[in-house]
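Trainee: Fold the following, please.
(one chain, ligands or ions: 1)
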Amino acid sequence: SSPGVFAAVDLGASSGRVLAGRVGPEVLSVTEAHRFVNRPVRVGGTPYWDVLALYGGVLDGLRAAGRTTAGTPTSIGIDAWAVDFGLLDASGTLLGNPVHYRDERTAGVPERVHARVPAARLYAVTGIQHASFTTLHQLVAAAATPQFGPARRALLIPDLISYWLTGEAGTELTNASTTGLLDPDTRRWSTGIMAELDLDPGLFAPLRAPGAAAGTLTDDVSAETGLPTGVRVTAVGSHDTASAVVAVPARDERFAYISSGTWSLVGVELDAPVRTEESRRANFTNELGVDGTVRYLRNVMGLWLLQECMRHWDRLGRPRSLDRLLDDAARVAPLRSLVDAGDPAFLPPGDMPERVAAACRRAGEPVPRTPGETVRCILDSLALAYRRAVRDAQRLSGRTVDVVHVVGGGALNTLLCQATADACGLPVVAGPTEAAALGNLLVQARAAGTVPGSLADLRALVRTTQPLRRYEPRPDAGDWARAADRLPKRTESPA
Ligand code: LFR
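Mentor: Presented below is the predicted three-dimensional model:
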C-alpha cells in the first residue's frame, strides 16, 4: 500500500505541537507543522490550563499541517498529558478552565478517599499509583465546588479537543486508565469504586480504544482550518506516554523505557498488571498501553525540576540558556550532591533552586551554590531515580531488561543520557525525541491500513527510519550503588 498522510496533535505540559506525517510500510517521515507554548495561568492562587489558547494552537497547527509538502491529512490523532479534565454542562459548554494537576486543591483528599476506600483496595482494583493528582482525587475535590452542580460530563484533555473538533464525546482507554477509576483486567470503568466515592459513572463518555474512529471534523472546524470536511479524528493512545511507548524502537521485550519530558516515566511493558502489595508500596502504576499492553512504570519528577529552576532564574531577571546550564553542569564533579527526585515536595511550582538546596540540607548533602551545581544535582538525582525504577520494575514484574530506551525531549540531553547508562549499568538508546507524535501517527496509519502489523512491526519502522544514539555504561563513572545508599529510603505509598 502507498503511504498515508496523517496529523498528530501532541500537547505537553510546556508546549504543544502539530506534526504532519507520511506513513507507509517503509516510510515514516514527519514535518513539524506548528509549535506553540503551553503557559498555565494562575488566577486567585489556582493554576489553570489555558485550554482555549491550546485549542487555538491546535487549529493553527491543523491549518499549517494541511499546507506541508506531506499533502492533506486524512486523519488526525490527539494525545496530551494525562489525568486532567474539563467539565461540561448539559449543553456541552465548558464549565471554567481545567485546573492544572499541580494545584494543591487535592491536599487532604487522598486521606478522605482512603477513609472510604482503603488504599490497598484501590490498588487491588485499579492498579494505579498513589498520587495527589489522579483524576479520582481531582474529581473528589471538584465535587465540593459550586461549579460541579451543573457538570454532566468530564472529558480528559485530548478527549475535550477531540470533542471540539468533531462534536462527538468519548473517553479514550489508555488515558482513562490514569483516572484511577478503571479496572485494567476488564478494561471497563470500575463502577464499584465510583459508587463507593459517590462519583456518577455517567460523568464519563463511553470508552473507545486506540485505533477506533472518533468522528469527523465539523463544518465549522473545516472552515477554520481549510481541511476537507471528511477528515476523520482517530483515537490513538491519547495519553502522551502511551503513544510515546508505541514509538520505543525496541527489538524485543527485554527493554525498559524512560519517556523523558516534564515527567520521566520509567518502566517496562507487560501483558498483565502487577498488583502485589510490594508493587503498591513501591508505587508502581499499571497504566494501559495500546494493543492490550500494560505500562508498568513509576513517575519520576523529571525535567520539571530543571524547567522550574530555569523559570525561577528567568523571574529573577537572570535568564540562563539550557545549553549554558548543561555545559556548566558538565564541569561539576559527578555525584556531588543528590536528592530524592521523587519527593512530592518538588511537585508544585515555585522556587525550585531553593527547594533543591533545602532537600540537600535535609539529606546532609553538600548544598549546591551555583546554577551549574544545582543542575548537576538534578541530573544525577534523576539518573539515580532511573536506576532505582529500572531495578524495581524488573524485580517487581519478573521481566529482565538489557537496554534502556530514552524517548522524548530528554533524549537530547547527552549529559543525562550518559549518566543514565552509567547509573543503570545498561546501554541507553536515545530517541526518537518526538516519540509521542510518532506513536500517535503510527496508530492512525495502522487504523487506516497504510501500515500493517503488530506493535513490534511499528517499532521496527521507527528503528529503521529515525535517528537514534547509543550510550554505553562506563565502568569508571562513579559508584552509583554507593550513591544509592546515601539517600534514605522513602516509602512511596501510604499504608
Ligand atoms: C506525561 C504525563 C504523565 C502523567 C503526567 C500527568 O506528560 O502524561 O504520564 O503522569 O503527565 O498527567
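Trainee: neighbours around residue 472, how many?
Mentor: 11 (other Cβ atoms under 10 Å). The way it works is simple: take the backbone N, C-alpha and C, and place the C-beta from them, glycine included.
Trainee: Surely residue 47 forms part of a strand?
Mentor: Yes - counting by DSSP: H, G, I helix; E, B strand; the rest coil, residue 47 is found in a strand.
Trainee: My guess is it contacts residue 39. True?
Mentor: No - between residue 47 and residue 39 there is no contact under Cβ atoms under 8 Å: 10.4 Å.
Trainee: Which residue of these two possesses the greater neighbour count?
Mentor: More crowded of residue 47 and residue 39, by other Cβ under 10 Å: residue 47, with 17 against 11.
Trainee: hey, what's the more buried one bridged with?
Mentor: With DSSP bridges as the criterion, residue 47 is bridged to residue 42.
Trainee: Do you know the pLDDT at it?
Mentor: Residue 47 is assigned a predicted lDDT (pLDDT) of 97.
Trainee: Before we move on, what's the pLDDT of whichever residue of the stretch 151-300 of the chain sits closest to the ligand?
Mentor: The stretch 151-300 of the chain approaches the ligand most closely through residue 241 (3.8 Å), counting by Cβ to the nearest ligand atom. In this model, residue 241 is scored at 98, pLDDT.
Trainee: so how many other residues sit close to it?
Mentor: Residue 241, neighbours per other Cβ under 10 Å, totals 29.
Trainee: Give the other helices and strands that the helix or strand containing it contacts.
Mentor: Taking DSSP states H and E as the definition, one finds residue 241 inside helix 240-246. When contacts are defined as 3 or more Cβ pairs under 8 Å, 6 or more residues apart in numbering; DSSP states H and E, helix 240-246 packs onto strand 4-11, strand 75-80, strand 255-260, strand 264-270, strand 285-288, strand 294-300, helix 435-448, helix 455-465.
Trainee: How about the residues of this structure by the ligand?
Mentor: Counting by Cβ under 6 Å from any ligand atom, the chain comes close to the ligand at 12-13, 81-83, 101, 239-241, 261-263, 265, 299.
Trainee: rerun that using 5 Å as the cut-off
Mentor: Counting by Cβ under 5 Å from any ligand atom, the chain comes close to the ligand at 81-83, 240-241, 263, 265.
Trainee: State the pair within the residues you listed that is farthest apart.
Mentor: Pairwise distances across these (Cβ to Cβ) peak at 12.7 Å, for the pair 83 and 265.
Trainee: who has more neighbours, the two?
Mentor: The residue with more neighbours, out of residue 83 and residue 265, is residue 265; 27 against 20, by other Cβ under 10 Å.
Trainee: residues contacting the more buried one?
Mentor: Neighbour list for residue 265: 241, 244, 257-259, 295, 297-300 [criterion: Cβ atoms under 8 Å, 6 or more residues apart in numbering].
Trainee: repeat that for 6 Å
Mentor: 241, 259, 297 (Cβ atoms under 6 Å, 6 or more residues apart in numbering).
Trainee: now residue 290
Mentor: Residues counted as contacts of residue 290 (Cβ under 6 Å, 6+ apart) are 210, 237, 246.
Trainee: Most neighbours among those residues, which one is it?
Mentor: Neighbour-wise, the contacts of residue 290 (other Cβ under 10 Å) top out at residue 237, 34 neighbours.
Trainee: Nothing else from me, thank you.
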